[in-house]
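[1] sequence unknown, structure follows:
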């Protein structure tokens with residue numbers, strides 16, 4: 001008899017990627033696994049090994065800014081969930097989120113067994129109320145959650161982050177890349193996590209001057225930022241180095257970005273989703289990490305990492321999206337020369353073969 005399971009993680013790219021080991025553990029017990037995630041997590045979800053189907057829903061108690069509550073949309077989601085014929089659902093949440101509203105929708109959809117971590121009394125919403133996992137790296141916390149429900153990784157799976165890579169870069173805009181190269185991803189979704197743009201530009205200039213090919217990546221909305229960084233970097237270089245920095249913002253789908261990250265010697269990034277994508281393809285990460293969330297949970301997992309930024313700054317643990325301290329001292333005090341030195345040292349630790357799965 002076919003066993004149809006669902007894992008819910010209704011967040012963004014990085015949140016979905018760090019659940020990869022837990023999702024693979026659940027998938028090992030399933031004949032068909034559906035991932036329920038938000039609009040920002042769907043592309044990452046489709047790259048995860050073990051996921052057969054991705055169901056996308058904009059959740060009003062997870063997303064920020066939050067969409068309005070719509071009875072019609074709730075009814076449609078319950079109908080879609082009911083149509084999946086689910087035997088069991090596992091709800092994964094960050095420590096500040098409640099699993100119970102999602103559990104209510106799954107119960108209304110007739111899901112036979114629902115499990116989740118919850119500090120709150122779940123009544124009849126959960127069949128198994130799991131303990132909230134102890135502090136530690138988010139991938140390990142999520143894996144501990146599903147293990148409490150009886151799900152284990154298959155033999156040989158070491159619990160790393162992983163994605164399914166395309167067999168080759170498919171974008172017609174993607175240039176032929178020759179190693180060694182570095183990837184710099186300056187954009188963030190929360191201003192409190194941003195390294196100042198002038199320091200990004202000077203860092204890229206110094207990396208190019210040191211002889212590196214630097215690919216600057218970003219979303220379509222980050223084109224202005226990446227263009228300014230590349231223009232500043234190249235303006236300070238001799239003519240023969242004019243192609244040393246290449247702006248790829250807005251030109252790559254997530255699977256293509258994963259392929260580019262997999263080929264890099266190292267990735268330089270703030271605390272944002274592509275840091276976890278780099279970890280999922282086995283590339284060392286230099287992380288300019290603002291301590292508004294704890295690095296013990298959210299630093300890139302399972303690869304060589306250099307963590308830069310004052311982790312004891314006054315903003316630590318505040319979960320603020322805009323910097324509460326004038327001058328943004330946790331990151332603005334990190335000199336570009338320090339960043340460049342870390343990148344060059346970490347680039348020597350790149351393995352020759354990424355562990356991502358080729359689709």
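    Here it is on my side, so go on. This one's a predicted model, so the numbers in the text were calculated from it and none came from an experiment.
[2] domain-wise, how is the protein divided?
    Using automatic domain parsing, the domains assigned to the chain come out as 4-159, 165-358.
[3] need the ones you listed in CSV (columns: mean pLDDT and mean neighbour count).
    Every C-beta, even on glycine, is put in place using the N, C-alpha and C of the backbone. Shown next, in CSV, are those (pLDDT from 0 to 100; neighbours: other Cβ atoms under 10 Å):
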stretch, mean pLDDT, mean neighbour count
domain 4-159, 95, 19
domain 165-358, 87, 19
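[4] quick one, phi psi at residue 215?
    phi -100, psi 120 (degrees, to the nearest 10).
[5] equivalent analysis for residue 228, please.
    Torsion angles at residue 228 (phi, psi; degrees, to the nearest 10) stand at phi -70, psi -40.
[6] same check, this time on residue 185
    Here is the backbone geometry of residue 185 (degrees, to the nearest 10): phi -120, psi 100.
[7] I'd say it and residue 267 touch.
    Yes: judged on Cβ atoms under 8 Å, residue 185 makes contact with residue 267 at a distance of 6.8 Å.
[8] who touches both of the two?
    In terms of Cβ atoms under 8 Å, 6 or more residues apart in numbering, residue 185 and residue 267 are both contacted by the residues 274, 275.
[9] tell me the helices in this structure, going along the chain?
    Here the chain has its helices, by DSSP state H, at 13-18, 20-27, 42-45, 71-82, 100-108, 138-148, 197-209, 223-235, 254-263, 273-280, 295-298, 329-332, 336-347.
[10] and the angle from the second one to helix 138-148?
    If I follow you right, that is helix 20-27. Angle, helix 20-27 to helix 138-148, by axes from the mean of the first three to the mean of the last three Cα atoms, to 10 degrees: 20 degrees.
[11] how far does helix 20-27 sit from its chain's centre?
    The chain centroid and the centroid of helix 20-27 are separated by 16 Å, computed with Cα atoms, centre = their mean, to the nearest Å.
[12] what helices or strands is that helix leaning on?
    Where contact means 3 or more Cβ pairs under 8 Å, 6 or more residues apart in numbering; DSSP states H and E, helix 20-27 is packed against strand 4-8, strand 32-37, helix 138-148.
[13] residue 220 is nearest to which of these?
    strand 32-37 (20.8 Å; Cβ to Cβ).
[14] which neighbours in the sheet does the closest one have, and how are they oriented?
    Applying DSSP bridges to the sheet, strand 32-37 is found paired with strand 4-8 (parallel), strand 53-56 (parallel).
[15] let me have those in CSV, extended by distance to residue 252.
    Shown next, in CSV, are these (distance: least, Cβ to Cβ, whole Å):
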stretch, distance to residue 252
strand 4-8, 27
strand 53-56, 20
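[16] which one of the helices and strands packed on helix 20-27 lies closest to residue 307?
    helix 138-148 (15.1 Å).
[17] isn't residue 190 up against residue 323?
    No: at 9.4 Å, residue 190 does not count as touching residue 323 under the criterion of Cβ under 8 Å.
[18] spatially nearest residue to residue 108, not counting backbone neighbours?
    residue 78 (4.9 Å; Cβ to Cβ, 6 or more residues apart in numbering).
[19] and the one you found, how far from residue 105?
    Counting by Cβ to Cβ, to the nearest Å, the gap from residue 78 to residue 105 is 6 Å.
[20] contacting residues for residue 323?
    So residue 323 contacts 191, 192, 290, 315, 330 (Cβ under 8 Å, 6+ apart).
[21] hmm, back to that, dump the helices of the chain into TSV; add distance to residue 3 as well.
    What follows is the helices of the chain, written out as TSV (distance: least, Cβ to Cβ, whole Å):
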stretch	distance to residue 3
helix 13-18	22
helix 20-27	11
helix 42-45	20
helix 71-82	16
helix 100-108	16
helix 138-148	15
helix 197-209	48
helix 223-235	45
helix 254-263	28
helix 273-280	26
helix 295-298	31
helix 329-332	47
helix 336-347	42
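[22] about what we covered before: same list, the helices and strands packed on helix 20-27, but as TSV with distance to residue 96 please.
    As requested, those are exported to TSV (distance: least, Cβ to Cβ, whole Å):
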stretch	distance to residue 96
strand 4-8	16
strand 32-37	18
helix 138-148	12
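[23] which of those sits closest to residue 113?
    Judging the helices and strands packed on helix 20-27 by Cβ to Cβ, what sits closest to residue 113 is strand 4-8, at 9.4 Å.
[24] how far out from the middle of the chain is that closest one?
    On the basis of Cα atoms, centre = their mean, strand 4-8 sits 20 Å off its chain's mean C-alpha point.
[25] can you check what angle separates it from helix 71-82?
    140 degrees.
[26] contacts for strand 4-8?
    Contact with strand 4-8 is made by 19, 22-23, 26-27, 29-37, 55, 81, 84-92, 102, 106, 111, as judged by Cβ under 8 Å, 6+ apart.
[27] show the contacting residues for the residue nearest to residue 108.
    Counting by Cβ under 8 Å, 6+ apart, residue 78 makes contact with 105, 108, 109.
[28] over to residue 307?
    287, 289, 295, 299.
[29] okay, it and residue 118: tell me how far apart.
    31 Å.
[30] what's the answer for residue 346, then?
    39 Å.
[31] so what's residue 37 closest to, chain neighbours aside?
    residue 45 (4.9 Å).
[32] might one say that residue 209 is in contact with residue 237?
    Yes: under the contact definition of Cβ under 8 Å, residue 209 touches residue 237, with a separation of 6.3 Å.
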